[in-house]
Structures are given as C-alpha cells and as structure tokens.
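Enquirer: predicted structure and sequence below. I'll ask about it afterward.
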Amino acid sequence: MNVADSARLAAVLDAAGYQPIRDDIRAFEPLFGHSGSKADIRQLAACDLILVNTCVVRQSAEDRAAWYVTSLKGIKELNPNLKIGLCGCLVPEPERDLKKQFPHVDFFIEPNRPEKLAEFLSNSKSESRSSKETGKNSKFEFTSDFGFRASNFVTIMHGCDNYCSYCVVPYVRGREYSRPRDEVLTEIKGLIEQGATDITLLGQNVNSYKFGFASLLRKIGAYCPLPLGEGGKPESQRVRAELVIRFMTGHPRDMSDEIIETVAALSYVAKDFHLPLQSGDNEVLQRMNRGYTFEYFLGRVEKIRSLMPQARISTDLMVGFPGETDEQFENSLRTFEKIGFTMANMFAYSPRPRTAAAKMPDQVPEEVKQARLKRLIEVNREILINRSVQPQVL
Ligand code: SF4
C-alpha cells in the first residue's frame, strides 16, 4: 500500500514538473545511516523537496520512519530552501506533536490525501514548476505511473472497518472506501493499453470491495485479448495476451466461494492467495477480533485447493499476542504442517497506540515473543526445506 501511495505522490510531483534525483530512491537509504558519500549528501541537499512516506503498522516501522525524518535535519541545515514533507500513516497520530518532534518538516500529509501535496506545491514558491509550464497532465488521483514499482498497482479500496484488536490501520487510514468500478476499470484499461502485463489490485481487504470483487475480476476480462493466433498480431495484442491480474490483501473471513470460483475460472487471474491467518488458536483469534476460526480458515484453503491444486497460498502469522500461552503458540506452529503455506510473513506482536490489544492484560514479555518468533521461523524453514521449497522470510 505504501509503494502505491508513494506512486500517487510521485505522480503529483511529476505533474508539477519535478524530477527525481535518482531513479531508485532506495539508493538513498545508506545516507540515513550516515554511511553515504559526501557527493551523495550534496546531491540530497541540492533537492528542492524531499517527501518521506511512512508506515506505522509495527513499532519498528514507525521507529525507522522517525529516524529517516530526524536524519534530514542535517540535510536541511545545508540547504535552508529545501522543503520537507512527512506523509503517510505517521501523520494522523494524535498523540504525537509532529511539528514539535520534527520542527524542520514543512508540511504533513495524511494517507490517501495526495491532493494536499498539490495544494502545498501550488501555494509554495515552486510555482515556476507548475504543470502549465511543463505541459504535463495534472491528473494525479490513483495514477499508477511510477518509475520504481515491481508491478502496476491499482488501488481499488482503502481503509478498513474490521478493527482487529491489534491493528492501527482503521485509525490511521480511516473507514473503508471503495473506488467506483468504472473508475477502476478505466485505470486498468489505460495501463493495459500502455503495455502493462502485470497488474496488482490493492486494498486493505479487496474481498470486501463494495461493488463486488468477483464481478470486478470478471469485468477486467473485457480488456483481455484472445490468446495469440497465427503471427501478424499487433504488438499491443501480443502484450495483452500475457496479462496477469494479482490482488492483495484479502481478509480470510470475506474470501467467499464466489471469489474463489471466479479466480479459478479466469485464466488471467494469478492463482495466488495471501490469506493472513495471524494465529492458529481459536481463542487468540477471537481476542484478535478476526471473525473466523482456524477450522473456517482451513475450509477456505481446502476450497481453493480443490479448484486450483496449483494455487500458492501465503499468510501472515503473529506470535506473542497478549495472553498467548505456550500451548496457543504451539497451535500456530502446527498450522505450517496442516496447511503448507508457500510463504509466511512472521512477526512478533507490536502494541500499537489506540488499539484494544495494547490495553489488554498479560502482555507477553519481549524475550518470550522473540524466542517464539525464532522458533516459528525455524519450523517454517524446516518444513519448506523438506518440501524442497526455497524459504522466504520477510
Ligand atoms: S482487516 Fe484487521 S488487520 Fe487487516 S487492515 Fe483491517 S483491522 Fe487491520
């Protein structure tokens, strides 16, 4: 979601005539550790504008974001004309006085508000870079035109109404909002016409897309060509024949039979399901407010595999949720054997402000959480190696 949000912000800058100083912005990460060369620092200090897009889903992400922003203070001292913007999920944190914490930051933008960047640019002295002069298209909302993407992201919905007890997303990204279907389809059509062959539909929970996720997947078919015939096909048609549509992420509770059957039936939809299980223990799932049991989750996996034996099913698993006992942790461990995930993102529970879980009694000590996480990763690795699958630990 953050990469897609960055794409939208980058599109605003592009429309206003800004140029990135490097193609791969991640090349600047060493600078924040002060291991960049003097030339790197001079290049960064010569910028007109630096945006930091932040994530607060876990404490470690929030700490890293705060560290980046703090590091920019020295850069601003080298170039007082530099404008710094702080964007993303750190901004709506009411318990933090961001202006006090980061006095060198010029403006703040909440998630899903790229128009605020456009407002700042038009009010700032950078008017000489206006889109009128550059002649660029000033349309920026939800655009996917972004240089350093792994896929073409199309946000179909954002926000979340689920209020899982550990999750800060509903507080920082707001209530669920689904983009109108025609708008989404027009964007996808435009990407395909530009030659995109790999498109990822994004949302906190694409399965609850208000206008019908299965129906959206079927409608995309109108833009897919027939398979390649004898030679002589135009280039655009050859590209379209390779089109793959992916989606992430879907709440297991909302993974309906209709969605599974639609994915199975459509050749252009990747048979990849990211289903965040979070815990293999029913009592923990209930306290997480996840709205399903492990048996229900297993039923979804079985339905997927009965229709698509080749489907890749990945998950998220969290250890050390408040009150998690050794036995409950063992139930999570056993899910690897029972389900055989292609990949698992594994985390230690991180208390987030304003969430119900942060106030729960029996918080698990950090060393216990870390020991459980280590064991979870090891068990997953062993199982994947036994199945001759390359482990992927994120
Ligand atoms: S479904 Fe739960 S975990 Fe996922 S974004 Fe919504 S509240 Fe967070």
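Expert: Looks like it arrived, so ask away. Numbers count the residues shown, from 1 in each chain.

Enquirer: for the rest of this, base every contact and every neighbour count on C-alpha atoms.
Expert: Fine.

Enquirer: so what's the residue count around residue 288?
Expert: Look at residue 288: counted by other CA atoms under 10 Å, it has 20 neighbours.

Enquirer: touching, it and residue 165? I think so.
Expert: Yes. Residue 288 is within contact range of residue 165, at 4.9 Å (criterion: CA atoms under 8 Å).

Enquirer: intersection of neighbour lists for the two?
Expert: residue 357 (CA atoms under 8 Å, 6 or more residues apart in numbering).

Enquirer: nearest spatial neighbour of residue 249, chain-adjacent residues omitted?
Expert: Nearest non-adjacent residue to residue 249, counting by CA to CA, 6 or more residues apart in numbering: residue 205, 5.4 Å away.

Enquirer: how about that neighbour, phi and psi?
Expert: Note on residue 205: its backbone torsions stand at phi -150, psi 80 [degrees, to the nearest 10].

Enquirer: can you pull the pLDDT of it?
Expert: We have a pLDDT of 95 for residue 205.

Enquirer: wait, it touches residue 253, no?
Expert: No. Contact between residue 205 and residue 253 fails when scored by CA under 8 Å: they sit 10.2 Å apart.

Enquirer: compare those two and say which is more crowded by neighbours.
Expert: Ranked by neighbour count (other CA under 10 Å), residue 205 and residue 253 place residue 205 first, with 23 against 17.

Enquirer: output the lowest mean pLDDT helix or strand found in this structure.
Expert: Sorting the helices and strands of the chain by mean pLDDT, DSSP states H and E puts helix 131-134 at the bottom, at a mean of 40.

Enquirer: could you identify the helix or strand that succeeds it?
Expert: Going down the chain from helix 131-134, the next helix or strand is strand 152-155, by DSSP states H and E.

Enquirer: what packs against that following strand?
Expert: helix 2-15, helix 181-193, strand 198-202 (3 or more CA pairs under 8 Å, 6 or more residues apart in numbering; DSSP states H and E).

Enquirer: do that again at 6 Å, thanks
Expert: strand 198-202 (3 or more CA pairs under 6 Å, 6 or more residues apart in numbering; DSSP states H and E).

Enquirer: and the helix or strand following the strand it packs on, how far out from the chain middle?
Expert: Per DSSP H and E, the first helix or strand lying C-terminal to strand 198-202 is helix 213-220. Helix 213-220 sits 21 Å away from the centroid of its parent chain (CA atoms, centre = their mean, to the nearest Å).

Enquirer: quick one: average pLDDT of helix 213-220?
Expert: Rounded mean pLDDT across helix 213-220 is 94.
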